[in-house]
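**Student:** The following comprises the amino acid sequence and a computationally predicted model.
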Amino acid sequence: MLIDTHCHINIMIKKDFDVPLPQNFKELTTPLIEDCKHAGVTKIINVGTSVSESINCITLAQNYSTLWATIGLHPNDADENWKKDIESFKKLLQNPQNKIVGIGEIGLDYHYPDHNKIFQQTVFEAQIQLALDHDLPIVIHTRDAGQDVLNILETYKSEKLRGVIHCFSEDLAFAERAIALNFVLGIGGPLTYPKNNELRKVFTTVPLDTIVLETDAPFLPPQEMRGKKNNPANIKIIAHYLAKIRNISFETVAHTTTDTAEKLFKI
Ligand SMILES: [Zn+2]
């Protein structure tokens with residue numbers, strides 16, 4: 001059994017961002033989720049990036065017993081309405097039927113030239129606090145901002161602080177600091193890309209129980225499927241690849257990463 005700890009089925013099944021799911025969404029999602037089951041991917045977490053996409057993730061979770069949701073404001077999606085958005089998240093968190101298992105994806109993204117560091121940090125910290133207040137793990141997005149992400153997380157270090165560094169693409173020193181803060185490393189397609197030797201070194205060095213698998217579908221397909229839309233069923237490819245580079249069995253990878261994900265997200 002495998003878990004996709006980070007994907008966006010809500011985005012896979014429509015063209016535009018931040019609009020509701022199509023009325024007939026189940027016609028698209030039911031076969032997709034069946035394919036995942038056949039590939040052994042029996043639990044899936046859809047990750048929110050805005051209020052409207054977080055609500056879409058919740059809708060999916062409410063319709064399928066094997067799906068869960070996280071809610072959060074992605075650093076590139078936060079705007080002047082962010083305080084209102086966090087109030088919306090607080091309301092969503094009041095209903096246990098919303099199947100919310102984490103806050104994310106949240107973090108810092110300094111990739112685009114017009115980014116505002118102070119603004120992003122403020123929104124990030126408010127959502128770390130939201131996670132701690134609700135005793136939930138955090139799903140971190142970081143791009144060109146690794147040191148600031150770690151420095152901020154270190155100021156919140158506590159028993160309750162925990163989560164996953166999504167789409168891990170940093171070095172071993174970063175991995176060790178993140179693991180010391182009770183974070184695990186999320187990995188998917190990029191592990192298989194020819195240029196990523198440094199990344200493979202990290203994922204053959206860290207303890208196996210600090211790794212969770214993710215596809216980030218529809219983004220970042222594994223090497224053998226590049227150019228195509230990614231799918232949560234491809235978790236199987238990532239698990240086989242990780243087993244190969246660590247020289248351990250597929251079953252060990254499947255069992256350990258599933259166990260880590262189940263404990264972290266309580267699913
Ligand atoms: Zn994502």
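**Tutor:** Great, that's in hand. Bear in mind the structure is a predicted one, so any value in this text is a computation, not a measurement.

**Student:** where along the stretch 101-250 of the chain do the strands fall?
**Tutor:** Secondary structure of the stretch 101-250 of the chain by DSSP state E, counting those that start in this stretch: the strands cover 138-143, 163-165, 183-187, 211-213.

**Student:** Strand partners (parallel or antiparallel) of the first one?
**Tutor:** Taking DSSP bridges as the criterion, strand 138-143 pairs within the sheet with strand 100-109 (parallel), strand 163-165 (parallel).

**Student:** what's the answer for the third one, then?
**Tutor:** As defined by DSSP bridges, the strand partners of strand 183-187 come to strand 163-165 (parallel), strand 211-213 (parallel).

**Student:** any idea of the mean pLDDT for that strand?
**Tutor:** For strand 183-187, mean pLDDT rounds to 98.

**Student:** With mean neighbour count and distance to H111 as added columns, please give the strands of the stretch 101-250 of the chain in CSV.
**Tutor:** Every residue, glycine included, has its C-beta placed from N, CA and C. Listed next are the strands of the stretch 101-250 of the chain as CSV, based on neighbours: other C-beta atoms under 10 Å; distance: least, C-beta to C-beta, whole Å:
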stretch, mean neighbour count, distance to H111
strand 138-143, 25, 5
strand 163-165, 29, 16
strand 183-187, 26, 18
strand 211-213, 27, 23
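
**Student:** from the chain's centre, how far out does the helix or strand containing L92 sit?
**Tutor:** Assessed by DSSP states H and E, L92 sits inside helix 82-93. With C-alpha atoms, centre = their mean, to the nearest Å as the basis, helix 82-93 stands 20 Å off its chain's centre.

**Student:** What is it packed up against?
**Tutor:** helix 51-63, strand 67-71, strand 100-109, helix 117-133 (3 or more C-beta pairs under 8 Å, 6 or more residues apart in numbering; DSSP states H and E).

**Student:** which residues sit against that helix?
**Tutor:** 50-51, 54-55, 58, 71-73, 78, 98, 100, 103, 123, 126-127, 130, 134 (C-beta atoms under 8 Å, 6 or more residues apart in numbering).

**Student:** change it to 7 Å
**Tutor:** Here helix 82-93 makes contact (C-beta atoms under 7 Å, 6 or more residues apart in numbering) with V51, S54, I58, I71, L73, N98, I100, V123, A126, Q127, L130, H134.

**Student:** out of these, who has the most neighbours?
**Tutor:** Among the contacts of helix 82-93, the one with the most neighbours (other C-beta atoms under 10 Å) is I71, at 32 neighbours.

**Student:** re the thing from before, now mean pLDDT and distance to F265 too, for the strands paired with strand 138-143, in TSV please.
**Tutor:** Converted to TSV, the strands paired with strand 138-143 look like this (pLDDT from 0 to 100; distance: least, C-beta to C-beta, whole Å):
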stretch	mean pLDDT	distance to F265
strand 100-109	98	4
strand 163-165	98	9
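
**Student:** could I get those as TSV with distance to P22?
**Tutor:** Putting the strands paired with strand 138-143 into TSV (distance: least, C-beta to C-beta, whole Å) gives the following:
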stretch	distance to P22
strand 100-109	23
strand 163-165	29
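
**Student:** For the contacts of helix 82-93, work out which two are farthest apart.
**Tutor:** Greatest spatial distance in those: N98 and V123, 21.4 Å, computed using C-beta to C-beta.

**Student:** residues contacting F168?
**Tutor:** Counting by C-beta under 7 Å, 6+ apart, F168 has contacts L185, G186, I187.

**Student:** Relative to P218, how far out is it?
**Tutor:** Plainly put, F168 is 19 Å away from P218 if you go by C-beta to C-beta, to the nearest Å.

**Student:** And for T42?
**Tutor:** In terms of C-beta to C-beta, T42 sits 20 Å off from P218.

**Student:** can you pull out the helices in the stretch 151-267 of the chain?
**Tutor:** 172-180, 197-205, 235-246, 250-265 (DSSP state H, counting those that start in this stretch).

**Student:** Looking at these, which is nearest to I9?
**Tutor:** Using C-beta to C-beta, the helices of the stretch 151-267 of the chain put helix 235-246 closest to I9, at 13.0 Å.
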